[in-house]
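Peer 1: A structural model of the following input is requested.
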Amino acid sequence: MNFSLIILRIVFVIIIALPNYLFYKKLRNIKKRHFKYQLIFFFVSLIISFLVLLSLAILKEIISDLLNIRIKENITYMVFFTIVLLPMSVLANMFFLNFYLRKINKINEIELIGKE
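Peer 2: Coordinates of the predicted model:
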């Protein structure tokens with residue numbers, strides 16, 4: 001098995017596992033461990049990662065057409081592409097994580113300040 005293919009698979013696992021692990025930790029902090037929340041976030045994180053991948057692929061095609069550059073697509077290119085995809089996908093999932101946790105928690109910070 002090729003070393004770059006192993007790196008490619010590891011990066012894909014990180015793209016999926018990291019946001020879900022962070023969501024589980026934050027869900028545990030607010031004392032809710034419902035399986036349905038974890039399952040919904042898992043599927044949404046898959047969808048977000050796919051959308052980021054799709055948008056990067058479309059942008060690559062647009063940029064290569066505008067600049068008349070042909071990019072040789074081999075395994076090294078795919079590793080580079082997924083490494084670029086990693087931070088964008090994790091950031092998109094983190095934005096959704098914060099939004100989703102606010103919806104789950106349903107506690108306003110203003111009310112918490114007033115109760116102290």
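Peer 1: how near is residue 38 to residue 61?
Peer 2: Per C-beta to C-beta, to the nearest Å, residue 38 is found 35 Å from residue 61. For every residue, glycine as well, the C-beta is placed using N, CA and C.
Peer 1: cool, and residue 100?
Peer 2: Counting by C-beta to C-beta, the gap from residue 100 to residue 61 is 31 Å.
Peer 1: what about these two, which has more around it?
Peer 2: For residue 100 versus residue 61, neighbours defined as other C-beta atoms under 10 Å are more numerous around residue 100 (19 against 11).
Peer 1: I figured that one was touching residue 43, is that so?
Peer 2: No. Counting by C-beta atoms under 8 Å, residue 100 sits too far from residue 43 to count as a contact (11.8 Å).
Peer 1: Show me what the helix or strand hosting residue 5 packs onto, helices and strands only.
Peer 2: Residue 5 belongs to helix 3-29 when assigned by DSSP states H and E. For helix 3-29, the elements it packs on are helix 35-67, helix 75-105, judged by 3 or more C-beta pairs under 8 Å, 6 or more residues apart in numbering; DSSP states H and E.
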